[in-house]
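**Q** Here's my sequence, what's the structure:
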Amino acid sequence: MKTRFGFAVIISFVLAALLALPGGAFAQDRRDVKVADEIGRVLRSYPRLTIFDDINASVENGAVAITGKVTMPYKKSDLEKRIAAIDGVRAVRNDIGVLPVSQYDDDLRYRVARAIYGNASFWNYAAMAYPPIHVIVDGGRVTLAGVVNSNVERMLARSLASGLGELSVKNDLRIDSETRTE
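**A** Below is the predicted model of the structure:
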């Protein structure tokens, strides 16, 4: 009984808070969610993004901020144009960094990707249309970004990315359950 009562009280507080918001604020939040969904669709449909690129976007009142790293300069401008064309986007701040051209970095990217996606624990990810683990290499420094199912997979990916000639490995992988709570 206590649980139901507590749940009902929480619901009434949430409803009261939503009703207290100005009508425009709630509508703007819905528009921002709609814009964010469309940005996700645009990013997924952009054929030149690979596991060696990592892009993040945030939306607030129709203003979009895009960050991350890409391997080629044209990707930065292409993505900005595509996102700016989305209905509901009022402004775009493009903070995407372009990784320097380096044969060493390219070789290291492929070694790390082969080590991770060649491991039987990650074959299910390798078979996906959009593999969730991104390998960003900048000056011999490796950053793993994206989402995995468990902390064990996060640690295994970091371990597989080590000892391949890199200067350092930064593990920015998140667990799927962490992303659902955000």
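
**Q** residue ranges with poor pLDDT in this protein?
**A** When the per-residue scores of the chain are filtered using pLDDT under 70, the ranges that remain are 1-28, 179-182.

**Q** For it, which segments count as helices?
**A** For the chain, helices defined by DSSP state H occupy the ranges 2-20, 23-45, 73-84, 103-117, 123-126, 151-161, 176-181.

**Q** what about dumping the CA coordinates of the fifth one to PDB?
**A** Same thing as helix 123-126. The C-alpha trace of helix 123-126 is given here as PDB (Å, rounded to 0.1, in the frame of the first residue of the first chain):
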ATOM      1  CA  TRP A 123      30.900 -10.300 -33.000                       C
ATOM      2  CA  ASN A 124      27.300  -9.300 -32.400                       C
ATOM      3  CA  TYR A 125      28.300  -5.600 -32.500                       C
ATOM      4  CA  ALA A 126      30.400  -6.100 -35.600                       C
END
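
**Q** which strands and helices sit next to it?
**A** Using 3 or more C-beta pairs under 8 Å, 6 or more residues apart in numbering; DSSP states H and E, the elements in contact with helix 123-126 are helix 103-117. (C-beta placed from N, C-alpha, C; glycine too.)

**Q** In the helix it packs on, which residues are buried?
**A** Residues Asp105, Leu108, Arg109, Arg111, Val112, Ala113, Ala115, Ile116, Tyr117 are the ones in helix 103-117 that count as buried (16 or more other C-beta atoms under 10 Å).

**Q** Which two of the residues you listed have the greatest separation?
**A** For the buried residues of helix 103-117, the farthest-apart pair by C-beta to C-beta is Asp105 and Tyr117; their separation is 18.0 Å.

**Q** Leu43 versus Ile96, what's the distance?
**A** With the distance defined as C-beta to C-beta, to the nearest Å, Ile96 ends up 12 Å from Leu43.

**Q** any residues in contact with both of the two?
**A** Ile55, Leu79 (C-beta atoms under 8 Å, 6 or more residues apart in numbering).

**Q** How many neighbouring residues does the nearest residue to Asp53 once chain neighbours are set aside have?
**A** For Asp53, ignoring the flanking residues on the chain, the nearest one in space by C-beta to C-beta, 6 or more residues apart in numbering is Val70 at 4.6 Å. Neighbouring residues of Val70 were enumerated by other C-beta atoms under 10 Å; the total is 23.

**Q** these two touch, right, Val70 and Leu99?
**A** Yes: at 6.9 Å, Val70 counts as touching Leu99 under the criterion of C-beta atoms under 8 Å.
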